[in-house]
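> what would the 3D arrangement of this be:
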Amino acid sequence: MSENKFLDIAYKDLCSEKTLQSNSQGFFLNFADFVVEEVGKAWIKENFNKLRSDNERIKFVYECEKVKDYVLNFLSNVKEVYREKNASFSQKKRLEADHLLKQKDPRKALMLYCQSVLRAPRTGADVQIDSGLSLSLALWGRSQALIELRKYREALSDIQQALKENLSGSYKAQAFWKMGICYRAMNDENKAKVSYDLAEKLLGNDKEKIRQLNEDRMRSFPKEEVTVDSQKPKLSTEFKHNLPNASGKLSVKISKEAGRYIIANEDIQSGETLVVESPYVACLLPEMFGLQCHHCFKNLESPMGCLDCSSVAFCTSKCRDEAVSTYHKHECKYLDLLIGSGMSILAHSALRMVTQNGLKKSLDIYHNRKNEKIYALCTHVQQRPPLDFFQRSLMAAFLLRCLQMSGFFPNTSRDQVVPTEEGYQIGEMLLFNLQMLQFNAHEVYVTKYTSSQKVVDSKIVYIGVALYLTTSIFNHDCHPAMTRHFVGKDIVLVAARPIKANEPVPENYGMIFTRKVLSDRQRTLSSRYWFQCRCLACTQNWPAIGMGLEQVSKRLKCPTSQCSQTFTLPVAKESLQCPKCKKIVNLTNKILLLHWCEEQYQQAFQFMDDHEMRKAIDILTSTIDTFYKIALPPHQQTHLAEEMLRLCLVHLGNASFSLENQPKEK
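Predicted structure coming up:
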């Protein structure tokens, strides 16, 4: 293999460190650097080079005489650090929200009620404040704001949850009354009648209240304001068993140069949905904890909190219960410690891969490694330097200690720092995860719109990372064949240009030739993903937009079938002899078709401006397909069209109009 002139070793090491600790203020790398300084890089290189397995590496940091005291002393300081509930704060925010609601500002009131709900302790936990009913009162108050905002389903859920949390008896008649209003607004007359009847019964002899109730029975309420969730599209063709969640037009190939990669079995057209996949693991970025559901990544409107910590929020009690019954019970009281360590979202994902499965299932995976798809993913183990292995072994030990302290190992004392054999096996899994996720995880994003709501003014906001077993197999190309978007935390891959049968189907790892010049792309790919890209855009050094792409001459294919000759425009004569197939060919129709393509792109852009995305997608896909039948890239207008197609498809996935102006908790 030729030497990679773009490789920057210092930058590569920095990129690798960032996949362990992304926050420079964290304490983990301070500890790791201290140990490295004490024992010396030369010693680490000599000794870690001798280790041949992750099992040996994880045991080394616990058992080697030269490092174990540093490690065990550090790990013995791991303890619960989390954001606790606060009844006083919850009460304060609720009363502020009550005031805003009286002032006819339900939207601001809702934000404060949400803070009140998330900070409220379990019912009965603090009887000195609100008689221990802070949570039910916060939910009750929020339901009133939601009714004002015509969010009847969410209001109904809050009322029902408030009743489950022992809402005071004095509110119960009102609760069923409000439930009747919600059901009536949702056009469920039967449940509305049952709710109103129960409310009337609870009102007893209060004639004035009953009169008002009967008026509400007959009233028409404003139509429910429903938020329509993005829908996952269906695959263009049914998937095959050897490549789950992918179109039947795709297959896996293996070569010495490219490893595993995906090819097309049949011709694929632009716009075909090729992959729709749920993640093997997904983690939300800490800065998004108050904006997206911790479990499903949906935008939060009326969140539910964990019953023990105030760090995370869920869109529904269903999501909360799923999280708490699996991974969150092990992460809950250590989240702030993990965040304080500065660890990357990839390191958190490495932990989540274990916590979401629990001890028994994790050990089953460990003992069945040869048959687990996760263990077929790339780790670049042969290229990884000893110091990197050492740092990751220390991170694995830190994550393992958090598991020990959280009760993940039920038959082992939390005071026991040195792992049991089961502990070492879980530590080995963590170390593998830390290596594998570095090259296989995908960033999950939402599309943020400005007040104009125009697609061209939208901005990508990253909210987390996820691992997709099928999607991870796609190789990179600086001119990607697919675009990706997300529905919740599920990934959707759609063909951005036509692909012929037996051709590779590449994705893109963030380095697109239209935005980055060759040297920048190669430096980043070499440092972040540890490979030298040899795609057509790199070998031919296609220029970026604004850096020469607009000056590249247009090239047409020879009209003769199977002939590979191209003609660079302008041509002296539109009818001429092809130098390769020797036939007399006429380029007039192809020249006209190329002009037609460029006009169609402009029409599609206009549809985008008018928010008619489906029409824009239809024009873009058919026109891009036409271009590739008659011409060759690079071609600026077509690559802009491919980018516009991406924006249109992204519009169909996760979107947010409310990431700005969120109130900060004081």
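> pLDDT wise, what is the spatially most central residue of the chain at?
Centroid-nearest residue in the chain, with Cα atoms, centre = their mean: Val444, separated by 2.5 Å. At Val444, the model reports a pLDDT of 97.
> just give the nearest non-adjacent residue to it, would you?
Nearest non-adjacent residue to Val444, counting by Cβ to Cβ, 6 or more residues apart in numbering: Gly464, 4.6 Å away. From N, CA and C alone the C-beta is placed, and that goes for glycine too.
> hmm, that neighbour is touching Leu285, no?
Yes: with contact defined as Cβ atoms under 8 Å, Gly464 and Leu285 form a contacting pair (5.3 Å).
> who's more crowded, these two?
Gly464 (25 against 18; other Cβ atoms under 10 Å).
> sec struct for the more buried one, please.
strand (DSSP: H, G, I helix; E, B strand; the rest coil).
> Asp388 now?
helix.
> please name the residues that touch it.
By Cβ atoms under 8 Å, 6 or more residues apart in numbering, the contact set of Asp388 is 13, 16.
> where does the stretch 151-300 of the chain have low pLDDT?
Applying pLDDT under 70 to the stretch 151-300 of the chain flags residues 225-229, 239-241.
> where along it do the strands fall?
With strands called from DSSP state E, counting those that start in this stretch, the stretch 151-300 of the chain shows them at 250-255, 259-264, 273-277, 281-284.
> using JSON lines, lay out those strands together with distance to Met644 and mean neighbour count.
Output for these, formatted as JSON lines (distance: least, Cβ to Cβ, whole Å; neighbours: other Cβ atoms under 10 Å):
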{"stretch": "strand 250-255", "distance to Met644": "25", "mean neighbour count": "14"}
{"stretch": "strand 259-264", "distance to Met644": "23", "mean neighbour count": "18"}
{"stretch": "strand 273-277", "distance to Met644": "18", "mean neighbour count": "23"}
{"stretch": "strand 281-284", "distance to Met644": "28", "mean neighbour count": "26"}
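> Ala501: which of the ones you listed is closest?
Closest to Ala501 of these is strand 259-264 (Cβ to Cβ; 5.4 Å).
> now do the closest one against strand 250-255, angle only.
140 degrees (axes from the mean of the first three to the mean of the last three Cα atoms, to 10 degrees).
> in TSV, list the strands of the stretch 151-300 of the chain along with distance to Ser88.
As requested, the strands of the stretch 151-300 of the chain are arranged in TSV below (distance: least, Cβ to Cβ, whole Å):
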stretch	distance to Ser88
strand 250-255	57
strand 259-264	56
strand 273-277	45
strand 281-284	28
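> among the ones you listed, which is nearest Ala537?
Nearest to Ala537, of all the strands of the stretch 151-300 of the chain, is strand 259-264, at 17.0 Å by Cβ to Cβ.
> nearest to Arg521, of the strands of the stretch 151-300 of the chain?
Taking those one by one with Cβ to Cβ, strand 259-264 is closest: 18.8 Å.
> for that closest one, list the C-alpha coordinates in CSV.
C-alpha atoms of strand 259-264 as CSV (Å, rounded to 0.1, in the frame of the first residue of the first chain):
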residue,chain,number,x,y,z
GLY,A,259,-13.4,-5.3,3.3
ARG,A,260,-17.1,-5.8,3.5
TYR,A,261,-19.2,-3.4,1.4
ILE,A,262,-22.6,-3.1,-0.3
ILE,A,263,-23.3,-3.5,-4.0
ALA,A,264,-26.5,-3.2,-6.1
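> does the nearest residue to Thr560 once chain neighbours are set aside fall in a helix, a strand, or a coil region?
In this structure, Thr560 finds its nearest non-sequential neighbour in Cys581, 4.7 Å apart by Cβ to Cβ, 6+ apart. For Cys581, the secondary structure call by three-state DSSP comes out as coil.
> I'd say Cys581 and Ser561 touch.
No: judged on Cβ under 8 Å, Cys581 makes no contact with Ser561 at a distance of 9.3 Å.
> which one of the two has more residues nearby?
Counted by other Cβ under 10 Å, Cys581 and Ser561 do not tie: Cys581 has more neighbours, with 16 against 6.
> quick one: the more buried one from Thr588, how far?
18 Å (Cβ to Cβ, to the nearest Å).
> any weak-confidence spans in the chain?
1-2, 225-229, 239-241, 451-453, 656-666.
> domain parsing of it, as residue ranges.
Domain segmentation of the chain under automatic domain parsing yields 87-218, 553-651.
> just name the most buried of the ones you listed.
Of the domains of the chain, the one with the most neighbours on average (mean count of other Cβ atoms under 10 Å) is domain 87-218, at a mean of 19.
> pull up the distance across that domain, start to finish.
39 Å (Cα to Cα, to the nearest Å).
> now do stretch 277-297
Across stretch 277-297, the terminal residues are separated by 15 Å (Cα to Cα).
> next one: stretch 335-352
12 Å.
> list the buried residues of it.
335-339, 341-352 (16 or more other Cβ atoms under 10 Å).
> in strands, which of the residues you listed fall?
If you go by DSSP state E, those have nothing in strands.
> now, the residues you listed that are in helices?
In helices, defined here by DSSP state H, the members of the buried residues of stretch 335-352 are 335-339, 345-352.
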